[in-house]
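Student: From the sequence below, what's the structure:
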Amino acid sequence: MPDFIPVSDVDFSVWLDGFSAAFTGSPAAVGLTPADATALSASISAFGTAFGENQTAQTAARTKRQAKDDARAATEALVRGLVRRIQAFPGTTDAMRTSLGITVRDSVASGPSPAALAVLRPWAKVDTSQRLRHTIDFRDAGTPDRRAKPAGVKGCEIWVKIGSAPTNPPADMQFLALDTATPYVVEYTLADANKVAYYMLRWINADGEKGPWSETVEATIVG
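Tutor: From the prediction side, this is the model:
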């Protein structure tokens with residue numbers, strides 16, 4: 001036979017209100033005393049207070065958990081972006097990767113012959129439609145209608161200078177990434193809003209040989 005008392009606290013609270021109202025005004029009608037009604041009222045009040053405090057605590061806990069989850073997601077996204085740059089930087093060694101606790105990539109035993117880079121030069125355009133974001137679409141200048149890299153090319157080095165055009169690349173520029181597939185997305189902060197970013201790119205093959213620089217591409221960082 002099912003229990004007459006509801007299982008959930010919410011349903012129990014509603015049921016208590018009805019139970020108490022049914023006899024509080026005239027407890028003798030159901031064989032109880034005024035003292036019984038007083039004791040029930042005090043007990044219901046204590047339960048209501050504890051129930052409300054518990055609901056508040058659960059709501060606060062859910063809010064804090066969501067804040068924690070959001071903070072972790074933001075931190076993971078930042079870390080992954082930094083690791084992509086570390087992995088792409090030509091000076092990063094496997095020993096450095098091990099000390100950082102990031103992936104050490106398996107060496108490739110065979111693959112396309114390293115590209116001859118003397119005549120290969122990247123071409124790029126920058127999408128500035130998103131606030132504080134540049135999306136750099138890079139192609140080979142000889143085949144700008146194709147997204148694929150030239151055969152034997154490992155990736156495209158992307159360098160930037162913010163504020164004024166580079167005069168001695170790459171010495172006066174900042175390395176951004178060695179990206180293996182177009183496009184490359186750069187996220188900026190409000191401190192860079194409305195400044196001009198100057199980009200230069202060059203191909204690098206599997207042997208680490210670097211090709212000639214692209215033309216300088218400039219784009220405003222929309223704030």
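Student: Residue 57 is in what secondary structure piece?
Tutor: Assessed by DSSP states H and E, residue 57 sits inside helix 34-88.
Student: Quick one: name whatever helix or strand follows that helix.
Tutor: helix 94-100.
Student: picking that back up, average model confidence for the helix holding residue 57?
Tutor: The average pLDDT for helix 34-88 rounds to 88.
Student: For it, name the packing helices and strands.
Tutor: Here helix 34-88 touches helix 9-23, helix 94-100, strand 174-179, going by 3 or more CB pairs under 8 Å, 6 or more residues apart in numbering; DSSP states H and E. Every C-beta, even on glycine, is put in place using the N, C-alpha and C of the backbone.
Student: most packed of these?
Tutor: Burial of those is given as mean neighbour count (mean count of other CB atoms under 10 Å); strand 174-179 ranks first at a mean of 18.
Student: in the helix or strand following it, what counts as buried?
Tutor: Downstream of strand 174-179, the first helix or strand assigned by DSSP H and E is strand 184-187. For strand 184-187, burial by neighbour count (16 or more other CB atoms under 10 Å) applies to 184, 186.
Student: Need the CA coordinates for strand 184-187. PDB is fine.
Tutor: Taking Å, rounded to 0.1, in the frame of the first residue of the first chain, the C-alpha atoms of strand 184-187 are listed here in PDB:
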ATOM      1  CA  TYR A 184      44.400  31.200 -38.900                       C
ATOM      2  CA  VAL A 185      42.400  33.100 -36.300                       C
ATOM      3  CA  VAL A 186      44.000  35.800 -34.100                       C
ATOM      4  CA  GLU A 187      42.200  37.100 -31.000                       C
END
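Student: quick one: buried residues of whatever helix or strand comes next after that strand?
Tutor: Beyond strand 184-187 on the C-terminal side, the first helix or strand identified by DSSP H and E is strand 196-205. Buried residues in strand 196-205, counted by 16+ other CB under 10 Å: 197-205.
Student: For strand 196-205, which helices and strands make contact with it?
Tutor: On a contact count with 3+ CB pairs under 8 Å, 6+ apart, strand 196-205 meets strand 122-127, strand 133-140, strand 153-162, strand 217-220.
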